[in-house]
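[1] structure for this input, please:
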Amino acid sequence: MSVYGLLLLLYMLSYGQGEESNVVKRVPYGFPVYKVLHTFTGGTDGGGPIAPPILARDGFLYGTVTGGGMGFLGALYRVKEGFFELVVSFSGDTGYEPFSGLVEDKNGILHGTTRFGGKHGHGTLYTLNPQTKKLKVIHHFAGGGSVSRSVWLARHYTGANAIA
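    Residues are numbered from 1 along each chain as shown. Below you'll find the model as predicted:
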């Protein structure tokens with residue numbers, strides 16, 4: 001189980017089997033109760049959340065799912081209490097199986113990676129503008145042992161983004 005904390009709330013992501021799997025939860029700090037924000041069905045709404053969601057500047061939690069979506073190649077979603085939206089489904093050309101989490105830059109643009117797909121089949125580095133909901137591939141990984149298929153993005157304390 002992955003946990004992402006912010007202020008007095010914890011956001012939890014469960015992946016696996018059973019009643020507590022494939023859900024995004026909001027957990028009030030210090031209380032043994034939680035509220036399910038969304039349960040993924042594995043269908044067109046997505047399935048297989050791996051990385052923890054991030055709380056973006058617009059107040060939504062953004063995250064990725066490795067499966068499901070419109071083409072069943074993974075998707076990017078946003079959620080908050082009482083609202084869920086599949087923002088974009090990956091197509092193969094844009095990459096597929098977005099295994100890593102997202103980072104937000106100082107301009108509010110989200111950055112992420114996929115494990116497979118793109119021009120060379122070894123994944124992509126992409127950006128998403130939450131206002132326009134437009135996904136843009138900014139790099140196609142060529143493979144050849146120079147990069148792992150599951151590249152994770154990290155955020156430095158200075159606010160600069162880096163590939164880790």
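
[2] with only the CA atoms kept, save the strand or helix carrying His38 in CSV.
    His38 belongs to strand 35-39 when assigned by DSSP states H and E. C-alpha atoms of strand 35-39 as CSV (Å, rounded to 0.1, in the frame of the first residue of the first chain):
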residue,chain,number,x,y,z
LYS,A,35,-13.5,7.7,2.8
VAL,A,36,-13.2,5.9,-0.5
LEU,A,37,-12.8,8.5,-3.2
HIS,A,38,-13.0,6.1,-6.1
THR,A,39,-12.8,2.3,-6.7
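
[3] ok, and for it, which residues are buried?
    Residues of strand 35-39 classed as buried by neighbour count (16 or more other CB atoms under 10 Å): Leu37, His38, Thr39. Using the backbone N, CA and C atoms, a C-beta is placed for each residue, glycine as well.

[4] helices or strands next to the very next helix or strand once past it in the packing?
    The C-terminal neighbour of strand 35-39 among helices and strands, as given by DSSP H and E, is strand 47-49. Secondary-structure packing of strand 47-49 (3 or more CB pairs under 8 Å, 6 or more residues apart in numbering; DSSP states H and E): strand 61-67.

[5] now for the strand it packs on, which elements pack on it?
    When contacts are defined as 3+ CB pairs under 8 Å, 6+ apart, strand 61-67 sits against strand 47-49, strand 54-55, strand 75-80.
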